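Q: structure, please.
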Amino acid sequence: MERPQDQEAYLVALGEERARELLLNEDGTGEAGDGQVTAKGFSYSLRELTVVVAAREIVELVRSRGYRSILTGIGTAQLACWLAAEQLRAEGVEITLLTELGMVDYRPAEGDGFLFSQHHVERSRVWAGTLEVLGGLVSGGKGVLAVLSAAEIDPQGRLNASRRATGEFLVGSGGANDIVTSTDTLVVARGGRERLVAEVGFVTCPGERVTGLVTELGRFRRSPEGDLRLASWCGAQVPTREAAASEALRRTTAWPTRPGPDLEQEAQPSRAELEALRALQAGTRSRTSEPRSGS
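A: Modelled structure (predicted):
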């Protein structure tokens, strides 16, 4: 395939269907094709639901375990970290955000959704390096919670970012193995049988330090048996909550369908949570739509 010579040629080569998959919805609230939930007069996407619930879990973990720093993973995980950091600071809890490429105590720049952007570097207290962050603050330090995404995760918490069982290459480990083998880790991921698998096709990261998982179904935590089980349910508030959750697990995961004991009902996102999240997303959309200099 001939290399596109400019942005317009690239978009033509990309195709309208693929472009739609990569773009946010027109209102900036989620990914194209992302399901919408309507409740009590307002709507939100499944991705927004996942981010809000993950932010709640991060806040609770920081409160209960005393984490002082959060290692920010890319994608949905980073939005959850940013939202949680805002909520904690509003409560007077100072939290240090880290990235594996060297940003220490950074504040996300308005309008830039790329985790490793130079705009965030400019708002970092310290611009160190991978060795300092992963080798020192994360692997050698204490009080750090990592929040990562995953291509595959199994009920034991093992992560795969390397290759599928078929041999298909994914994205590679990056810093994931260094992080998860040494640091308490919360995983934030979209559900699906291809992602929540019975056994990962390749063990990029062992699961011993994975404390939980958040998807659009709810929060998964360690059961008394040691595996990850659904602990909170984002679905409808019905008397048969356990049965409804079991059916959702059967349809959307390859995991055991029995929820954990004392399955809780997860509250729907509040207007305040959604407004705070959408402020982050709206800024991202405004900057990514700006033309590059010289174009």
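Q: make it CA atoms for all contacts and neighbour counts henceforth
A: Will do.
Q: so where's the stretch 101-250 of the chain uncertain?
A: Along the stretch 101-250 of the chain, the parts satisfying pLDDT under 70 run over 238-239.
Q: look up phi and psi at residue 80.
A: Backbone torsions for residue 80, taken as degrees, to the nearest 10, come to phi -60, psi -40.
Q: could you pull up the residues touching it?
A: 51, 52, 54, 55, 58 (C-alpha atoms under 8 Å, 6 or more residues apart in numbering).
Q: ok, now with 6 Å
A: Neighbouring residues of residue 80 by C-alpha atoms under 6 Å, 6 or more residues apart in numbering: 51, 54, 55.
Q: could you check how far the second one is from residue 35?
A: Counting by C-alpha to C-alpha, to the nearest Å, the separation of residue 54 from residue 35 is 18 Å.
Q: next one: the last one
A: When C-alpha to C-alpha is applied, the distance between residue 55 and residue 35 equals 20 Å.
Q: returning to that earlier point: inside helices: which ones of the contacts of residue 80?
A: Those of the contacts of residue 80 mapping onto helices are 51, 54, 55, per DSSP state H.
Q: from these, list the buried ones, please.
A: Among those, those classed as buried by neighbour count (16 or more other C-alpha atoms under 10 Å) are 51, 54, 55.
Q: I figured the last one hits residue 84, correct?
A: Going back to what we said before, that points to residue 55. Yes: with contacts counted by C-alpha atoms under 6 Å, residue 55 reaches residue 84, the gap being 4.7 Å.
Q: can you list the ones in helices among the contacts of residue 80 in JSON lines and add pLDDT?
A: Converted to JSON lines, these look like this (pLDDT from 0 to 100):
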{"residue": "51", "pLDDT": "96"}
{"residue": "54", "pLDDT": "98"}
{"residue": "55", "pLDDT": "98"}
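Q: which one of those residues sits closest to residue 259?
A: residue 54 (18.3 Å; C-alpha to C-alpha).
Q: neighbours of the nearest residue to residue 101 once chain neighbours are set aside, how many?
A: Distances taken as C-alpha to C-alpha, 6 or more residues apart in numbering place residue 130 nearest to residue 101, at 4.8 Å, with adjacent residues excluded. For residue 130, the neighbour count with other C-alpha atoms under 10 Å is 15.
Q: kindly report the same for the one 10 residues further on.
A: Applying the criterion other C-alpha under 10 Å, we find 12 residues in the vicinity of residue 140.
Q: element containing it, please.
A: Counting by DSSP states H and E, there is no helix or strand that carries residue 140.
Q: equivalent analysis for the one 5 residues further on, please.
A: Here residue 145 is covered by strand 144-148, with elements defined by DSSP H and E.
Q: CA atoms of that strand as CSV?
A: Extracted C-alpha coordinates of strand 144-148, given in CSV (Å, rounded to 0.1, in the frame of the first residue of the first chain):
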residue,chain,number,x,y,z
VAL,A,144,1.7,3.0,44.8
LEU,A,145,-1.4,1.7,43.1
ALA,A,146,-1.2,0.9,39.4
VAL,A,147,-4.3,1.2,37.2
LEU,A,148,-3.9,-0.5,33.9
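Q: so residue 196 makes contact with residue 153?
A: Yes: Residue 196 is within contact range of residue 153, at 5.3 Å (criterion: C-alpha under 6 Å).
Q: report the contact partners of residue 204.
A: The neighbours of residue 204, taking C-alpha under 6 Å, 6+ apart as the test, are 159, 160.
Q: quick revisit: distance check, the residue nearest to residue 101 against residue 187.
A: In terms of C-alpha to C-alpha, residue 130 sits 21 Å off from residue 187.
Q: phi and psi next, for the spatially most central residue of the chain.
A: Per C-alpha atoms, centre = their mean, the C-alpha nearest to the average position across the chain is that of residue 77, at 2.3 Å. Note on residue 77: its backbone torsions stand at phi -60, psi -40 [degrees, to the nearest 10].
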